[in-house]
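1. Below: sequence and its predicted model.
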Amino acid sequence: KDHALHIDFISAAANLRAINYRIGTADSLQIKKIAGNIIPAIATTTAVASGLLCLELYKIAQNMEVSRFRNYFLNLALPFITSSEPAAPVYTHCGNQNFTVWDAIEIDGRNANMSIRELMDHIRKKMNCEVEMLNHGKSILFSDFHPNHKKQKRLGMCVQDVLREVNATGWNERNNANINSAAGPQWVEILVSGVDAIS
């Protein structure tokens, strides 16, 4: 049910945003009408997407062939729904190997003292390409565009110490324990040069 207080809040927020972007404002009755049309559409689309996702999960549970899986495209306003076989991933050629966005390189991280330089050398030897950037989540561990003094400092630092340094804000003992134990993999994203996209 649309309570007056809720509509007043939505009207105020929507009109403030409209003013910020220099678009027309609307009164409470118009906003109540618009909001009344949006909620069923969101609920219906969510229900359809959830149902289609469950169909695909059944296929995974039954170990079906990849050719049985589907990508779905739908627009309930038309109404329009269609499906297609999933496209093959784009391969990237690096050194003498091909990779997709789904591939990972596993590096034994039990050596707690592995430095950024050692990690980059390992990747360089394994993939035969130059490392330009190392990221962990939203944090940059190493990058070619860092100032030279920062690059030299980071190259000599242990990977764990760099992780602690770049994540200093909000770092807690739980993060510390995860890095110091074999609780799970630490994902590091790598940007390299000398790669070509192939289909």
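-> Right, received. Where do you want to start? Numbers count the residues shown, from 1 in each chain.

2. Tell me the spacing between the residue nearest to the spatial centre of the chain and residue 48.
-> When the chain is reduced to its mean C-alpha position, the closest residue under C-alpha atoms, centre = their mean turns out to be residue 137, at 8.8 Å. Plainly put, residue 137 is 33 Å away from residue 48 if you go by C-beta to C-beta, to the nearest Å. (Each C-beta comes from the backbone N, C-alpha and C, glycine too.)

3. Could you check how far residue 137 is from residue 101?
-> From residue 137 across to residue 101, the span is 17 Å (C-beta to C-beta).

4. residues making contact with stretch 43-50?
-> With contacts defined as C-beta atoms under 8 Å, 6 or more residues apart in numbering, stretch 43-50 is touched by 74, 76, 81.

5. Same check on stretch 113-126?
-> Contacts of stretch 113-126 with the rest of the structure, by C-beta under 8 Å, 6+ apart, involve 95, 105, 107, 129-131, 134, 141-142, 154-159, 162, 188, 190, 192.

6. try stretch 137-148
-> Contacts made with stretch 137-148 from outside it, assessed by C-beta under 8 Å, 6+ apart, are listed as 116, 120, 131-135, 151, 154-155, 159, 162-163, 166-167, 187-188.

7. Where helices are concerned, which of those count?
-> Secondary structure of the contacts of stretch 137-148 is defined by DSSP state H; positions in helices are 116, 120, 151, 154-155, 159, 162-163, 166.

8. Any chance of those residues in a markdown table with distance to residue 30 as columns?
-> As requested, those are exported to a markdown table (distance: C-beta to C-beta, whole Å):
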| residue | distance to residue 30 |
| --- | --- |
| 116 | 57 |
| 120 | 58 |
| 151 | 56 |
| 154 | 55 |
| 155 | 60 |
| 159 | 56 |
| 162 | 53 |
| 163 | 51 |
| 166 | 48 |
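
9. Most neighbours among these, please name it.
-> For the ones in helices among the contacts of stretch 137-148, neighbours were counted by other C-beta atoms under 10 Å; the highest total belongs to residue 159, with 25 neighbours.

10. how close does that residue get to residue 106?
-> Noted for residue 159: a distance of 15 Å to residue 106, by C-beta to C-beta.

11. what comes up buried for the one helix or strand residue 33 maps to?
-> Under the criterion of DSSP states H and E, residue 33 resides in helix 28-61. Applying a neighbour-count criterion of 16 or more other C-beta atoms under 10 Å, one finds 31-32, 52, 56 buried in helix 28-61.
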